[in-house]
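[1] With the sequence up front, the predicted model follows.
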Amino acid sequence: MNKPVLVVMAAGMGSRYGGMKQIDPVGPNGQVIIDYSLYDAHRAGFETVVFVIKKELEETFRAAIGDRVSKVMNVKYAFQQLEELPEGFSIPEGRVKPWGTCHAVLAAKDLIDGPFAVINADDYYGPEAFKVIYDYLSTHEDGTLYDYCMVSYLLKNTVSENGSVSRGVCMANPDGTLHSVTERTRIETYENGIHYTEDGGESWTDLPGETPVSMNLWGFSHSFLEEADRRFAGWLTENLAKNPLKCEYFLPTVVTELINEKKAAVKLLSSHDKWYGVTYREDKPFVVAAIDKMTKDGLYPENLWK
């Protein structure tokens, strides 16, 4: 079995943040969030990282992150482009939004030759998450079912006081595998807790703070790429008619289909580390303070790549 590879999704537009949050410094020596994820991934065992970025940001990204990481890891680049569509499809007029997380992973399919983990570039996951997912991917292969995994976090640890967030809300089976994951694209805190809306704020549904959610830390075998690729055209046919400018092909969409078709089992792993992220610019001071404390506590060196 080939060693697990890490795929980093970094092509998002940072629309809620208002800029390129993937390369906005948060550490004591100009480190960005992904530096800490890669440091944790490397010490967990990952040797190769594939960055999925926009082609026009390649130079900026290499200078900000890729070149220094390449001293200790094998770094590859894949490009998520709007025009990368199945035969017979074209970009809807006015569409600028990328096609979503599943499309991002498909952009890297030619660079992945075995099991792989997927993360967001702008989320801090913590050391434990990378260890548990590397260990799982290193010791499991597809059997009768595709054998996947996901590291979940508690919803209350992943919300922002500064506005809404999008999260994959998970339901578990009694055996510890994933039953379903539903993308809720507008989750907010309010005085009585946490709730979400599906209709632009007309109505709201409460969610318990202990709800497990996906932060896009998935572990897949190569079979996932074939399944996601095969299903993309059908997804486009169904969704372009409904929402041509904003529909997104999410990883949980394909995962849920495979679970429902009894083709895949997804082991729910958990991390006790606190998640940190910068959905909004106002979130940044909290992340900077947390990184500073972890550095002072000895979890990270001041210079990660020396």
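    Yep, that arrived.
[2] Looking only at residue counts, what's the top strand in the chain?
    For the chain, the strand that runs over the most residues, judged by DSSP state E, is strand 178-190.
[3] Now it - C-alpha only, PDB.
    Taking Å, rounded to 0.1, in the frame of the first residue of the first chain, the C-alpha atoms of strand 178-190 are listed here in PDB:
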ATOM      1  CA  LEU A 178     -21.000   7.800   9.800                       C
ATOM      2  CA  HIS A 179     -24.800   7.600   9.100                       C
ATOM      3  CA  SER A 180     -25.100  10.900   7.200                       C
ATOM      4  CA  VAL A 181     -23.500  14.300   6.800                       C
ATOM      5  CA  THR A 182     -25.600  17.300   5.800                       C
ATOM      6  CA  GLU A 183     -24.100  20.500   4.700                       C
ATOM      7  CA  ARG A 184     -25.700  23.400   6.600                       C
ATOM      8  CA  THR A 185     -24.400  26.600   4.900                       C
ATOM      9  CA  ARG A 186     -25.700  29.100   7.400                       C
ATOM     10  CA  ILE A 187     -25.200  28.200  11.100                       C
ATOM     11  CA  GLU A 188     -25.100  31.100  13.700                       C
ATOM     12  CA  THR A 189     -24.800  31.600  17.400                       C
ATOM     13  CA  TYR A 190     -27.600  33.400  19.200                       C
END
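[4] Relative to the whole chain's centre, how far out is whichever helix or strand comes after it?
    Counting by DSSP states H and E, the element after strand 178-190 in chain order, helix or strand, is strand 193-196. Counting by C-alpha atoms, centre = their mean, to the nearest Å, strand 193-196 is centred 22 Å from the centre of its parent chain.
[5] who does strand 193-196 touch, helix- and strand-wise?
    Packed against strand 193-196 by the contact rule (3 or more C-beta pairs under 8 Å, 6 or more residues apart in numbering; DSSP states H and E) you find strand 178-190, strand 205-207. C-beta here means a position set from N, CA and C on the backbone, and glycine is covered the same way.
[6] 10 Å instead, please
    strand 165-172, strand 178-190, strand 205-207 (3 or more C-beta pairs under 10 Å, 6 or more residues apart in numbering; DSSP states H and E).
[7] Average pLDDT for that strand, rounded please.
    If you average the pLDDT over strand 193-196, you get 97.
[8] what do you get for stretch 212-229?
    95.
[9] Give me the buried positions along it.
    Neighbour-count burial for stretch 212-229 flags 212-221, 223-225, 227-228 (criterion: 16 or more other C-beta atoms under 10 Å).
[10] Look up how far residue 274 lies from residue 134.
    Taking C-beta to C-beta, to the nearest Å as the measure, residue 134 falls 20 Å from residue 274.
[11] the more surrounded of these two?
    Each of residue 134 and residue 274 has its neighbours counted (other C-beta atoms under 10 Å); residue 134 has more, 22 against 14.
[12] Show me what secondary structure element comes after the one helix or strand the more buried one maps to.
    Per DSSP H and E: residue 134 is located in helix 127-139. Using DSSP H and E, the helix or strand that follows helix 127-139 in sequence is strand 146-154.
[13] Report all helices and strands that that following strand contacts.
    strand 116-120, helix 127-139, strand 165-172, strand 178-190, strand 212-220, helix 223-240, helix 251-260, strand 264-270.
[14] So for the last one, mean pLDDT?
    Here the mean pLDDT over strand 264-270 is 96, rounded to a whole number.
[15] strands paired with whatever helix or strand comes next after it, and their directions?
    Sequence order places strand 276-277 as the next helix or strand after strand 264-270, per DSSP H and E. Counting by DSSP bridges, the strands paired with strand 276-277 are strand 123-124 (antiparallel).
[16] can you list contacts of the partner strand?
    9, 26, 33-34, 36-37, 40, 129, 153, 158, 215-217, 273-279, 287, 290-291, 294 (C-beta atoms under 10 Å, 6 or more residues apart in numbering).
[17] Filter those down to just the buried residues.
    Using 16+ other C-beta under 10 Å, the buried members of the contacts of strand 123-124 are 9, 26, 33-34, 36-37, 40, 129, 153, 158, 215-217, 273, 275-279, 287, 291, 294.
[18] before we move on, the earlier item: with respect to residue 67, which of the helices and strands packed on strand 146-154 lies nearest?
    Set against residue 67 and scored by C-beta to C-beta, these come closest in strand 116-120, at 19.8 Å.
[19] Give me the distance between the closest one and the centre of its chain.
    So, by C-alpha atoms, centre = their mean, the centroid of strand 116-120 is 6 Å from its chain's centroid.
[20] by contact count, what packs against the helix or strand of the chain with the lowest mean pLDDT?
    Lowest by mean pLDDT, DSSP states H and E among the helices and strands of the chain is helix 58-61, with a mean of 86. Judged by 3+ C-beta pairs under 10 Å, 6+ apart, helix 58-61 is in contact with strand 48-53, strand 74-79.
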